[in-house]
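Asker: Below is the sequence, then the predicted model.
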There are 2 protein chains.
Amino acid sequence: MDMYFAPLACSLASRITAYEAGLPMRFVQVDMETKQTSEGDDFFALNAMGQVPTLRADDGTLLTENPVVLQFLADSKPESGLAPNGGMARYRLQQWLNFIATELHKAVFIPLLDPKATEDGKAYALSKAKRPLDRLQAHLDGREFLLDGFTVADAYLLAVLNWTRATTMNLAAWPAIATYYRTLLKRPAVAKAVAEEFALYKEEQARRQAA
Amino acid sequence: MDMYFAPLACSLASRITAYEAGLPMRFVQVDMETKQTSEGDDFFALNAMGQVPTLRADDGTLLTENPVVLQFLADSKPESGLAPNGGMARYRLQQWLNFIATELHKAVFIPLLDPKATEDGKAYALSKAKRPLDRLQAHLDGREFLLDGFTVADAYLLAVLNWTRATTMNLAAWPAIATYYRTLLKRPAVAKAVAEEFALYKEEQARRQAA
């Protein structure tokens, strides 16, 4: 499988998932400014939205949308337990994936991290953060994971919470979320994925400054 | 099953799905300003995010997040064909559900329809509309549905496109989307659901003006 990713983007969750499940994966880096892949291809030709993660499965099928890529990866190794394989637990997984994708990733962090968003736009996005973070705080209080064990929803939430480092947002107001985040960072697959992508991120920043 | 809804909100997709599948459903209206249900209950006690749709299944289980509620409804009547029951087609369904939820619903329409969003915030949201609508235009050109037949993803997209009526957005720039929307509005289940919710919406507006 080929995974098109950008360092520390939400595609980090796919790398974590691959490491957790022991899935063989070829990672292809995408420059999100130029939309060129490290192999010199126009990324828009692969994904008209220009978004990572984009997965090319072994049969050539292209998959997009983070919650879908993550479920596909988990389902390709069901014994990993990274996604419940049916019933109400699967709906609960999808509930958290959709909650993270809409309430946190899209409504809050995209504008906060977008250099093109105005101060006003960032303030509006921040005003949307309290209710979902309060909801998450209440759920995570006394829990180690979103569901009973580590799943792809935790991988996605970790990737999103990791963006707080690049914003003015302070998780101290939500201590259960802060503890959850710090604890997850110590998981071997998470620590390895974050360290590798942080190094790639620094390299990309250096290349851009040199250009 | 009990469906908590607000007239013409994205919960419209659940009503369409119930009518398409012939699912028995008790609809309970929620006032999204006061967050009170028509039965006098505090809606936040049912859903900490205060969002519709919220579904109470026959065994009392509460389900939230539109793409999840829609898949649960479709799966409760698999012979309806409203969701492929597995394999790549199911991932494709989820891809469209997540695309609609993030790129259109959350990134564009929530700020456009929010009286608290500034003009600047609305302009930022509008600037995010072109790429996903171009992507949708390319996909729908020559197609009647997002997948091979009508699914819950079409129900969701119809509910979102219906909001263009309340914005300055003009679908004329995306003719395949405009045709898709007009054609879907003629489906009996869609026409019935939209007409009923439009009447409820007008009643709610009248009550608010009288108060």
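Answerer: Cool, the structure landed. Numbering: from 1, shown residues only, chains lettered A, B, ... in the order given.

Asker: Who are the contact partners of A:M49?
Answerer: If a contact means CB atoms under 8 Å, 6 or more residues apart in numbering or on different chains, then A:M49 has A:T64, B:F99, B:E103, B:R131, B:P132, B:R135 as its contacts. Backbone N, C-alpha and C define where each C-beta goes, glycine included.

Asker: Name the nearest of these relative to B:A193.
Answerer: Among the contacts of A:M49, B:F99 lies closest to B:A193 (CB to CB), at 22.1 Å.

Asker: What residues sit buried inside the helix or strand where that closest one lies?
Answerer: Element membership for B:F99 (DSSP states H and E) is helix B:87-99. Under the neighbour-count criterion of 16 or more other CB atoms under 10 Å in any protein chain shown, helix B:87-99 has B:R90, B:Y91, B:R92, B:L93, B:Q94, B:Q95, B:W96, B:L97, B:N98, B:F99 buried.

Asker: Check the offset of the next helix or strand after it from the chain's centre.
Answerer: Of the helices and strands lying after helix B:87-99 in sequence (DSSP H and E), the nearest is helix B:110-113. Distance, stretch centre to chain centre, for helix B:110-113: 14 Å (CA atoms, centre = their mean, to the nearest Å).

Asker: Name the surrounding residues that touch helix B:110-113.
Answerer: Under CB under 8 Å, 6+ apart, the answer for helix B:110-113 is A:A107, A:Y124, B:A117, B:G121, B:K122, B:Y124, B:A125, B:L126, B:W163, B:A166, B:T167, B:M169.

Asker: Whether the biggest strand by length in chain A contacts chain B - can you check?
Answerer: Criterion DSSP state E: the longest strand present in chain A is strand A:26-31. No. Counting by CB under 8 Å from any CB of the partner chain, chain B has no neighbours in strand A:26-31; the shortest distance is 15.9 Å.

Asker: Need the contact partners of the helix or strand following that strand.
Answerer: Once the chain leaves strand A:26-31, the next helix or strand it forms, by DSSP H and E, is strand A:36-37. Defining contact as CB under 8 Å, 6+ apart, one finds that strand A:36-37 is touched by A:Y4, A:V28, A:Q29, A:V30, A:D31, A:D42, A:F43, A:L46.

Asker: Not counting its neighbours along the chain, what's nearest the third one?
Answerer: With CB to CB, 6 or more residues apart in numbering or on different chains as the measure, A:S38 is the residue that lies nearest to A:Q29, at 4.3 Å, once sequence neighbours are left out.

Asker: rewinding a little: nearest to A:P53, of the contacts of helix B:110-113?
Answerer: Ranked by distance to A:P53 (CB to CB), the contacts of helix B:110-113 are led by A:A107 at 19.9 Å.

Asker: What is the burial count for that closest one?
Answerer: Neighbours of A:A107 under the rule other CB atoms under 10 Å in any protein chain shown: 21.
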